[in-house]
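Participant: Sequence and computational prediction follow.
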Protein chains: 2
Amino acid sequence: MKSEHIPKATIGRLAVYIQVLENLLRDGTDVISSEKLANACSVNSSQIRKDLAYFGEFGVRGVGYYVQELITSIKHSLGIDRVWNCALIGVGNLGTALLRHHDFERRGFVIKAAFDCDPDKIGKELEGMEIVCPTHLKNQAKERGIELGIITTPADRAQRAANHLVDAGIKGIVNYAPARINVPPHIPVEYVDFFDHLYSLAFQVTLGSFEE
Amino acid sequence: MKSEHIPKATIGRLAVYIQVLENLLRDGTDVISSEKLANACSVNSSQIRKDLAYFGEFGVRGVGYYVQELITSIKHSLGIDRVWNCALIGVGNLGTALLRHHDFERRGFVIKAAFDCDPDKIGKELEGMEIVCPTHLKNQAKERGIELGIITTPADRAQRAANHLVDAGIKGIVNYAPARINVPPHIPVEYVDFFDHLYSLAFQVTLGSFEE
DNA sequence: CTTGCCATGTGAATTTTTTAACATGGCTCT
DNA sequence: AGAGCCATGTTAAAAAATTCACATGGCAAG
């Protein structure tokens, strides 16, 4: 099929498929049908076939999908079969935690530079990385081939951080700060809200307690 | 309106509205129109009015929404205008980070007990909380009025953790482990995947680099 | 008290996404 | 080499979500 517009929900599900497929691989499964995979992911099997069809034909009719091959194909489709250099702005609790969380690196998202405007923090080292003033972002970004920005500032600093990133020619932003930011329309922004899921859960549980 | 079935996407947006409204309040805005709020949230204004209509009538025609009042109404609608006691299973890097992250508490999600099956960790204290073997979950849950479970184990321990939680009569689960879990259908599960957003961003950036 | 204004709340139209159904084509066994 | 099997890829139908458009009703001004 190879369509142009791909639903955002599809991307989210592809992330799920990767997770499940990697666990399957670890357990020694090397071929799987859309039906079985669908079951493991709690989705419809047509959904899986359609999601994959956006990007190409990865399966073998009458057989199923080769697990390792499918993982590779999905990763390639998403553009995560390579390294993405990132800049992190805001070395507070969360920023520090992310710097220490080496899973990011394992997945190909390498934090190449850390920024903070707090004079007490500038110059200090963390995980082998010197904390630098955001005014140097532009230079560092070019020097180190940084393409993505990660905002972990407080809410009221998020916009300023975004401005620095945009000015530095960054291509995309993940915003962990609890605030919306304005950036030029060609720069995608992903908002991460830690409470989102908790709210959703609380809502479902509350709802469930009524319909009995 | 007060409908029965509410789209999951609506819940996600309500979380965004809360975030934006709280920032507005801090800046001293006390009335806002759906149009303006829509702008700040990057959604359609009808979307906002419809999302809210699922739960009631919170605005004043010809005027708009009173910010503080709307925040309260949304929180009540979601069931987050109260305290939710939680149990955390898996005191590794992530689990420890969550225990220290007191924002959870500020939002009403209080971690009342921490569990881990590692004998080296059992008995130790963390943030004023004793780490306990998961076999004691059932007792503790009843004793401490715990309703929600938070799984922060490695992938291969997630199912076991889920079983403990279900057995303890927990009402809902947030799963941070990179694995799917099986639980009875009446227990909602929210999966948190840290890479989801990064994948999505990488994809959008990759895509953007083609259509020029 | 009445009139005009304006943003909400809602029903209808559109768009998007999901599900179902089936034709296609590769693999295996004879 | 040919036939049958079976899960994919795809087209069509169904369901769901979003957007549009406007009637409704509260507030303020005269």
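Facilitator: Okay, I see it. Predicted model, so just to flag it, every value in this text is computed and none were measured.
Participant: From now on I want contacts and neighbour counts done on CA atoms only, so please keep to that.
Facilitator: Will do.
Participant: show me what contacts residue A:177?
Facilitator: Taking CA atoms under 8 Å, 6 or more residues apart in numbering or on different chains, we find residue A:177 in contact with A:151, A:152, A:153, A:154, A:155, A:158, A:192, A:193.
Participant: do the same with residue A:196
Facilitator: By CA under 8 Å, 6+ apart, the contact list for residue A:196 reads B:12, B:15.
Participant: Report pLDDT for it.
Facilitator: According to the prediction, residue A:196 has pLDDT 93.
Participant: residue boundaries of the helices in chain A?
Facilitator: A:8-26, A:34-41, A:45-53, A:67-78, A:93-100, A:103-106, A:137-144, A:158-167, A:196-208 (DSSP state H).
Participant: Residue B:74 is nearest to which of those?
Facilitator: Proximity to residue B:74, assessed across the helices of chain A by CA to CA, is greatest for helix A:196-208 (10.8 Å).
Participant: Would you mind telling me which of the helices of chain A is nearest residue A:113?
Facilitator: Once those are compared by CA to CA, helix A:137-144 is nearest, at 7.6 Å.
Participant: so how far is the closest one from its chain's centroid?
Facilitator: 22 Å (CA atoms, centre = their mean, to the nearest Å).
Participant: Just the buried positions in that helix, please.
Facilitator: A:137, A:138, A:140, A:141 (16 or more other CA atoms under 10 Å in any protein chain shown).
Participant: How about stretch A:67-77?
Facilitator: A:67, A:68, A:70, A:71, A:73, A:74, A:75, A:77.
Participant: Quick check: the gap between the fourth one and residue B:63.
Facilitator: Same thing as residue A:71. From residue A:71 across to residue B:63, the span is 53 Å (CA to CA, to the nearest Å).
Participant: again with residue A:105
Facilitator: In terms of CA to CA, residue A:105 sits 50 Å off from residue B:63.
Participant: Please apply the same query to residue A:109.
Facilitator: 46 Å.
Participant: So which of these two has more stuff around it?
Facilitator: residue A:109 (21 against 11; other CA atoms under 10 Å in any protein chain shown).
Participant: The more buried one is in contact with residue A:87, isn't it?
Facilitator: No: contact criterion CA atoms under 8 Å: residue A:109 and residue A:87 do not qualify, at 10.0 Å.
Participant: Might you report the residue contacts of the closest residue to residue A:137 other than its chain neighbours?
Facilitator: Leaving aside its sequence neighbours, residue A:137 sits nearest to residue A:168 (CA to CA, 6 or more residues apart in numbering or on different chains; 6.3 Å). Contacts for residue A:168 (CA under 8 Å, 6+ apart) come out as A:137, A:138, A:139, A:141, A:142.
Participant: excluding its backbone neighbours, what's nearest the third one?
Facilitator: The reference is to residue A:139. Of all residues not flanking residue A:139 in the chain, residue A:168 sits nearest, at 7.6 Å (CA to CA, 6+ apart).
Participant: Also the second one?
Facilitator: Nearest in space to residue A:138, with sequence neighbours left out and distances taken as CA to CA, 6+ apart, is residue A:168 at 4.2 Å.
Participant: now the one you found: how far from residue A:190?
Facilitator: Plainly put, residue A:168 is 18 Å away from residue A:190 if you go by CA to CA.
Participant: what residues does chain A put near DNA strand D?
Facilitator: Residues of chain A lying close to DNA strand D (CA under 7 Å from any atom of the strand) are A:1, A:32-35, A:46, A:49-50, A:52-53, A:56-65.
Participant: Could you tell me which ranges of chain A sit under the pLDDT cut-off?
Facilitator: Residues of chain A meeting the criterion pLDDT under 70: A:1-3, A:211-212.
Participant: quick check: domain ranges of it?
Facilitator: Domain assignment for chain A by automatic domain parsing gives A:8-78, A:84-191.
Participant: Any quick ChimeraX command for the buried ones out of the residues of chain A next to DNA strand D?
Facilitator: Under the burial definition 16+ other CA under 10 Å, those of the residues of chain A next to DNA strand D that qualify are selected in ChimeraX by:
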select /A:32,33,34,35,49,52,58,59,64,65
